[in-house]
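Colleague: sequence and predicted model, in that order:
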Amino acid sequence: MEEIEKVQALKEKIISLIENASNVNELKTVQETHLSKKSELNSMMSLIRNLNNEDKILFGQAMNNARNEINTKYNEKLNYLNELLIKEKLEKESIDITLPGMNYQLGGINPFYQIQDEIMDIFVSMGYEIVEGPDVETDYYNFERMNIPANHPAREMQDSFYINPTTLLRTHTSPAQAHAMDKANGKPLRIVCPGKCFRRDDDDVTHSHQFGQVEGLVVDKNINLGNLKATLELVLRKMFGEKREVRFRGSYFPFTEPSVEVDISCMECKGKGCPTCKGTGYIEILGAGMVHPNVLKMAGYDPDVYSGFAFGIGIERVAMLRYGIDDIRRIYTGDVRFIKQFKRN
Ligand code: FA5
């Protein structure tokens, strides 16, 4: 039948166009031209009008078969071209796993915190309680309660950062003593207080304008200088071992009487004298003494019944002596090469 031959010929043409389409766009053009409602294939349905009933059936079947065959070929080709696209994209985006990766630097635990923790552990094992005081203090707690009234020359020992005439960044952790005594309400006390201190000191190898101290205070009946010396010797031996030289020297603090300072033999020159210890062979690490009766009285303790000892240990100085750090500023400059040497044990 001539009509069916026309359908077959058109089908062959469309299938060959589908097969020759080399990309999705070309294939879409074939679809728009030959498979839409207004396409030549669709308009061929009008030929059915001239046929008798038997031929109509045959022609209808031929049209359906042609449409199905074309659609199948079209879908197969579309899938093939899409897969090709994905494959090309994947090839372009492939990752070269032979490239070197990013190098992340791992630090350590700053020696400041390692030493602070170690000192705390020793005192906690001896029954001391840890308390904390504020970094921003009143002149009253920082100086007056420490037996340093206004215009007292000892204020010059600790040149201060004032925020206003009555408020300052604390110059030492000793005001924490007064806060703790106020809270204890006349009862015995055994505390340590770690914290930051701030002074208008010129920065050099052993001085920083911001540094850490651990304050210690024991108040009870019958506390004496022997208790203070034994306590500090025990702690320093734990921190530095038996071989380091520990030197107690008489000193002066308005809030203790008598007062001492403690030095440890320099880690750089082993006591001979060098630039780090400024030629003295020793580095000072703490101040200490028997709590002054005025300080006890201001806190509500009767100095005829109660006595106490107190100390303030410089954390960076201990870290320097323990690890052989030649300049305090290394602890603050955040150099990874420095910090990564201090893994926690
Ligand atoms: C005091 O600050 C006293 N409050 C200590 C004290 C407490 C005495 C209780 C008696 C009773 P001094 O100014 O000496 O004292 O400081 C104590 C320690 O802090 C020093 O031995 C030193 O280790 C450290 N220190 C002081 N100033 C600096 C600084 N600028 N940089 C680093 N460490 C410092």
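Modeller: That came through fine. Numbers count the residues shown, from 1 in each chain.

Colleague: which parts of the stretch 151-300 of the chain sit against the ligand?
Modeller: 172, 174, 199, 201, 207-208, 211, 213, 253, 256, 259, 284-289 (Cβ under 6 Å from any ligand atom). Yep, even glycine has a C-beta here, placed from its N, CA and C like the rest.

Colleague: again, only using 5 Å
Modeller: Residues of the stretch 151-300 of the chain that fall close to the ligand, judged by Cβ under 5 Å from any ligand atom: 172, 174, 201, 207-208, 211, 253, 256, 284-289.

Colleague: and the residue of the protein closest to the ligand?
Modeller: In the chain, the residue that lies nearest the ligand is G314 (2.0 Å; Cβ to the nearest ligand atom).

Colleague: for that residue, give me phi and psi.
Modeller: Main-chain dihedrals, G314, degrees, to the nearest 10: phi -80, psi 120.

Colleague: who does it form a beta bridge with?
Modeller: Beta-bridge partners recorded for G314 (DSSP bridges): Q213.

Colleague: ok, G312 to P134 distance?
Modeller: G312 is 16 Å from P134, where distance means Cβ to Cβ, to the nearest Å.

Colleague: higher neighbour count, the two?
Modeller: Legend: neighbour count by other Cβ atoms under 10 Å for G312 and P134, higher for G312 (24 against 13).

Colleague: name the residues that touch the helix or strand where the more buried one lies?
Modeller: Using DSSP states H and E, G312 sits within strand 307-314. Applying Cβ atoms under 8 Å, 6 or more residues apart in numbering, the external contacts of strand 307-314 come out as 119, 172-174, 177, 189, 211-225, 227-228, 231-232, 255-256, 284-291, 296, 301.

Colleague: what's the following helix or strand after that strand?
Modeller: Trace forward from strand 307-314 with DSSP H and E and the next one is helix 315-323.

Colleague: and that following helix, which residues are buried?
Modeller: Neighbour-count burial for helix 315-323 flags I315, E316, R317, V318, A319, M320, L321, R322 (criterion: 16 or more other Cβ atoms under 10 Å).

Colleague: possible to save these as JSON lines with pLDDT?
Modeller: What follows is the buried residues of helix 315-323, written out as JSON lines (pLDDT from 0 to 100):
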{"residue": "I315", "pLDDT": "98"}
{"residue": "E316", "pLDDT": "97"}
{"residue": "R317", "pLDDT": "95"}
{"residue": "V318", "pLDDT": "96"}
{"residue": "A319", "pLDDT": "96"}
{"residue": "M320", "pLDDT": "94"}
{"residue": "L321", "pLDDT": "92"}
{"residue": "R322", "pLDDT": "92"}
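
Colleague: out of the contacts of strand 307-314, which end up buried?
Modeller: For these, a burial check counting by 16+ other Cβ under 10 Å picks out 119, 172-174, 177, 189, 211-220, 223, 227-228, 231-232, 255-256, 284-291, 296, 301.

Colleague: what distance separates the strand holding G312 from the centre of its chain?
Modeller: Chain-centre distance of strand 307-314: 32 Å, with Cα atoms, centre = their mean, to the nearest Å.

Colleague: just want the angle from that strand to helix 315-323.
Modeller: Comparing the axes of strand 307-314 and helix 315-323 via axes from the mean of the first three to the mean of the last three Cα atoms, to 10 degrees yields an angle of 70 degrees.

Colleague: return the subset of the contacts of strand 307-314 lying in strands.
Modeller: 189, 211-220, 256, 284-291 (DSSP state E).

Colleague: show me the beta-bridge partners of the nearest residue to N227 once chain neighbours are set aside.
Modeller: By the measure of Cβ to Cβ, 6 or more residues apart in numbering, the closest residue to N227 outside its immediate chain neighbours is F309, 6.2 Å from it. Note on F309: beta-bridge partners by DSSP bridges are V218, M290.

Colleague: for F309, give me the pLDDT.
Modeller: Listed pLDDT for F309 reads 98.

Colleague: any idea how many residues pack against it?
Modeller: Per other Cβ under 10 Å, the neighbour tally for F309 reads 24.

Colleague: check contacts around K343.
Modeller: G108, I109.

Colleague: so which strand or helix has it?
Modeller: With DSSP H and E as the test, K343 turns up in no helix or strand.

Colleague: can you give me the helices for the stretch 151-300 of the chain?
Modeller: Per DSSP state H, counting those that start in this stretch, the stretch 151-300 of the chain carries helices over the ranges 175-184, 225-240, 293-298.

Colleague: how about low-confidence regions in the protein?
Modeller: Across the chain, residues meeting the criterion (pLDDT under 70) sit at 344-345.

Colleague: buried stuff in the one helix or strand N25 maps to?
Modeller: Using DSSP H and E, the element containing N25 is helix 24-34. Using 16+ other Cβ under 10 Å as the test for burial, helix 24-34 gives L27, V30, Q31, H34.

Colleague: same question, stretch 338-345
Modeller: Quick answer for stretch 338-345 (16+ other Cβ under 10 Å): F338, I339, F342.

Colleague: distance between it and the chain's centre?
Modeller: Relative to the centre of its chain, stretch 338-345 is centred 15 Å away, using Cα atoms, centre = their mean.

Colleague: what's the answer for stretch 234-247, then?
Modeller: Relative to its chain's centre, stretch 234-247 lies at 33 Å (Cα atoms, centre = their mean).

Colleague: distance between the ends of it?
Modeller: Start-to-end span of stretch 234-247 (Cα to Cα, to the nearest Å) is 14 Å.
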